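Engineer: the following block contains a protein sequence and its predicted model.
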Number of protein chains: 2
Amino acid sequence: MANKPSIPKGTRDFGPDEMAKRNYIFDTIKRVYALYGFQQIETPSMETLQTLMGKYGEEGDKLLFKILNSGDYLKAVSDDELKERNTLKMQTKLCEKGLRYDLTVPFARYVVMHRDELQLPFKRYQIQPVWRADRPQKGRYREFYQCDADVVGSDSLLNEVELMQIIDTVFTDFGIRVQIKINNRKILTGIAEVIGEKEKIVDITVAIDKLDKIGLDNVNEELRGNGISEEAIEKLQPIIKLEGTNEEKLDVIAEVLKESETGLKGVEETRFILDNLKNSGLNNEIQLDLTLARGLNYYTGAIFEVKALDVQIGSITGGGRYDNLTGIFGMPGISGVGISFGADRIYDVLNTLNLYPKESVQGTQLLFINFGEKETAYCLPIVTAARKAGIRTEMFPDKAKMKKQMNYANAKNIGYVALVGETEIQQGKIMLKNMTTGEQELVTPEELINKI
Amino acid sequence: MANKPSIPKGTRDFGPDEMAKRNYIFDTIKRVYALYGFQQIETPSMETLQTLMGKYGEEGDKLLFKILNSGDYLKAVSDDELKERNTLKMQTKLCEKGLRYDLTVPFARYVVMHRDELQLPFKRYQIQPVWRADRPQKGRYREFYQCDADVVGSDSLLNEVELMQIIDTVFTDFGIRVQIKINNRKILTGIAEVIGEKEKIVDITVAIDKLDKIGLDNVNEELRGNGISEEAIEKLQPIIKLEGTNEEKLDVIAEVLKESETGLKGVEETRFILDNLKNSGLNNEIQLDLTLARGLNYYTGAIFEVKALDVQIGSITGGGRYDNLTGIFGMPGISGVGISFGADRIYDVLNTLNLYPKESVQGTQLLFINFGEKETAYCLPIVTAARKAGIRTEMFPDKAKMKKQMNYANAKNIGYVALVGETEIQQGKIMLKNMTTGEQELVTPEELINKI
């Protein structure tokens, strides 16, 4: 009856080495979030389909994993409906729950359900898996972790300032050099207003983004191809050719947007954020980038994105300010701002640059070789004492061949091996082998603990 | 379109306080597991139904949450089958994946799939949620965490010894006084052999368990009622009346089981475990209890269970030795032994006894009150310095009423509040308020950091 086991496509097992590295990533992010006063919450893996459906667009609805109702799951389906085989229509009768698709909608649901217990502003972080029935491909999984932090219930731009500091601190701790890009949805709205092409803001940012690659003439050509008027293109020139420091850029933009109240608001917000970051000792560069337009329909103020400087990979962190997070659940007027670290990509970057600190991936520090029952009985109290001293210690459980036990130590990358035979027992000592240098040394139990 | 949101029954949101407590529990268990050389792994939330079905009995199959296939999930179902409405038969055509039901079957699947990478013995721990479509009731959830540690690929009883030490260390760290109960399946088999009632071993242990409550005569009466012969009951008397130290009990059992090879093996195993624990400085009592028979069909050697001494609640940890974990997946001959901490019950015990260390549930340590833009600008570098020194610090983001900001500090149980107005700025100082004592003190930024 044995079948060769497998796991669902798009999912992963994480072995000990991968887990040690992932824990290092999550623990670093958690420590920094806590340092800024964010508190962790967790929500259930399953949400009602009523909570999930219609929040991610039609495509998102399809990508939700739905859970078959228990018991007679066909009871709400009529014979005619069965015959019709309209799977899309029928699924909400077969299923009332789904797996969460992101952490944002469950968070909105959480805020609404717990509104009376929450002290606003509420600074929460959440690190949990999400599931999407996407076609699996390299770097895209059907189960993956998100690491979100959001502040809700505060309009203050100091929140944006802090989130930039969090990003800078996390990547400094990782040793990853990054560029933090910032933009503001209000500036983009202002540009669209000023050139009278409100609908075309996405086309415009896409075209501007190509300046380095295709040159000014071709950018203008592309804008014309998108039906942007000559007058608008003329007005756009200072924006397309935008260069210099963030301050210089903001001056140019303010000049272009002088007729747009919203646009000037965006300039002012960006100035506030950048000014307040000036004296906070950021280790990474923060750059105003007008082509940054992620989730345009979602964000309403600042937009952020982080790129690694030394590895070619997409955005490794992103976020922004949004309004009305909880409006979908009948609680309007709650503004929020948040960021999300891309754990899987950060994992790849740390791997590529070999940046994991040795301690973070080190498991067992000391292995006692098993020479038999008498030797084991002598060693057990020493093993216990080593653990009491906080040393991660193992005794090989079986009296196996020496080679097998040493292979075990090597495979687990154990730093020290303790060898205790008859001679050592008579002397009340331990032969301690440093597995890195190969050196051996006869030590007392106390010396052993002090040494490691 | 607003709907009042809810979560699926049997699931839970964990807010900041609950999460801090849960993290304390998980972190303690993880630290101890690591101290003993166990390595963490994670497996996907979804497994194929082929992996899950048939592993938990017929009832278990029903309690699996099954995930509706994406796309045309009806394509493998004929019109006749639809008409038949045999939901049980049809479900494996609608679903090929399910949510994991425990951590043991996924672990067995993991060992088989990764057999070539694993260095045996493999000491793994795993802390992840599992899902069961059980009827929700007090203390029983449809999503809950399991915290398992297992050693596979080693027959040595030193593993049992270490698992007992782990249990003792974890509950000592928690400050929960426990009784660790131990038994051995081979002893139970031996008893059944000796009295010639192999089939009735469960009835026998259930009856013996009632001795304290109903007295010897009634126990014997119950045994008779279960069809146990007078001769067998006679032989059982020393077992029923078993008293004294573990050693005394083992002597009596060894005498009763002298004809049973298996029984004597169980006595020997138990002696080895208890003898080796004698000098290891256990803080909690370990007691041989023949009525302990959890998962009888599953375990093949030692069986453990832990009860809290100061709170009336079921078993808070359990485990034992099993053979042939991976046989179901075509890899026979792998023996293992494991334990599982019941996180939800431990949570309740710690709550009841109020045993959470203050540090473990303390979030933000220091809050800067926001008096306006000028004051904020003065404070920001101090906030940054405090965080650099590792102090979990917040600046209230909005210039809200003093009362609101102080309420925020109280609600988040923040230890210190920093007040900086015009006077303090002129002096280059900070008014630091200890929220526990109410004392206020004028300090320099350096003094502030040293103080907290």
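Structural biologist: Structure received.
Engineer: the helix or strand of chain A with the lowest mean pLDDT: which residues count as buried?
Structural biologist: In chain A, no helix or strand scores lower on mean pLDDT, DSSP states H and E than helix A:201-208, which sits at a mean of 80. Buried residues in helix A:201-208, counted by 16 or more other CB atoms under 10 Å in any protein chain shown: A:Ile201, A:Asp203, A:Ile204, A:Thr205, A:Val206, A:Ala207, A:Ile208. From N, CA and C alone the C-beta is placed, and that goes for glycine too.
Engineer: chain center to that helix: distance?
Structural biologist: Computed by CA atoms, centre = their mean, to the nearest Å, the chain-centroid distance of helix A:201-208 equals 27 Å.
Engineer: off-centre distance for the following helix or strand past that helix?
Structural biologist: Proceeding N to C from helix A:201-208, the next assigned helix or strand is helix A:211-225, under DSSP states H and E. How far helix A:211-225 lies from its chain's middle: 34 Å, per CA atoms, centre = their mean.
Engineer: equivalent analysis for stretch A:75-82, please.
Structural biologist: Mean-position distance between stretch A:75-82 and its chain equals 43 Å (CA atoms, centre = their mean).
Engineer: what does stretch A:368-377 rub up against?
Structural biologist: Contact with stretch A:368-377 is made by A:379, A:382-383, A:393-400, A:402, A:405-406, A:417-422, A:425, B:158, B:276, as judged by CB atoms under 8 Å, 6 or more residues apart in numbering or on different chains.
Engineer: how far away is the closest residue to chain B within the stretch 201-350 of chain A from A:Asn324?
Structural biologist: For the stretch 201-350 of chain A, the residue closest to chain B is A:Gly330, as judged by CB to the nearest CB, at 3.1 Å. To A:Asn324, A:Gly330 is 11 Å away according to CB to CB, to the nearest Å.
Engineer: hmm, back to that, what packs against the least confident helix or strand of chain A?
Structural biologist: If contacts are counted by 3 or more CB pairs under 8 Å, 6 or more residues apart in numbering or on different chains; DSSP states H and E, helix A:201-208 sits against helix A:185-194, helix A:211-225, helix A:230-240.
Engineer: so which of those helices gets nearest B:Leu264?
Structural biologist: helix A:185-194 (77.6 Å; CB to CB).
Engineer: ok, A:Pro16 touching B:Glu42?
Structural biologist: No: if you go by CB atoms under 8 Å, A:Pro16 and B:Glu42 don't touch, sitting 10.2 Å apart.
Engineer: poorly predicted segments of chain A, please.
Structural biologist: Residue ranges of chain A with pLDDT under 70: A:1-3, A:294-297.
Engineer: pretty sure A:Ile328 sits against A:Lys55.
Structural biologist: Yes: counting by CB under 8 Å, A:Ile328 does reach A:Lys55; the two are 6.6 Å apart.
Engineer: which residues do the two both contact?
Structural biologist: Residues touching both A:Ile328 and A:Lys55 (CB under 8 Å, 6+ apart) are A:Val105.
Engineer: list the residues that contact A:Lys93.
Structural biologist: Contact analysis of A:Lys93 by CB under 8 Å, 6+ apart lists A:Ala76, A:Val77, A:Glu81.
Engineer: give me the neighbour count for the first one.
Structural biologist: Looking back up the chat, that one is A:Ala76. The tally of other residues near A:Ala76 (other CB atoms under 10 Å in any protein chain shown) stands at 13.
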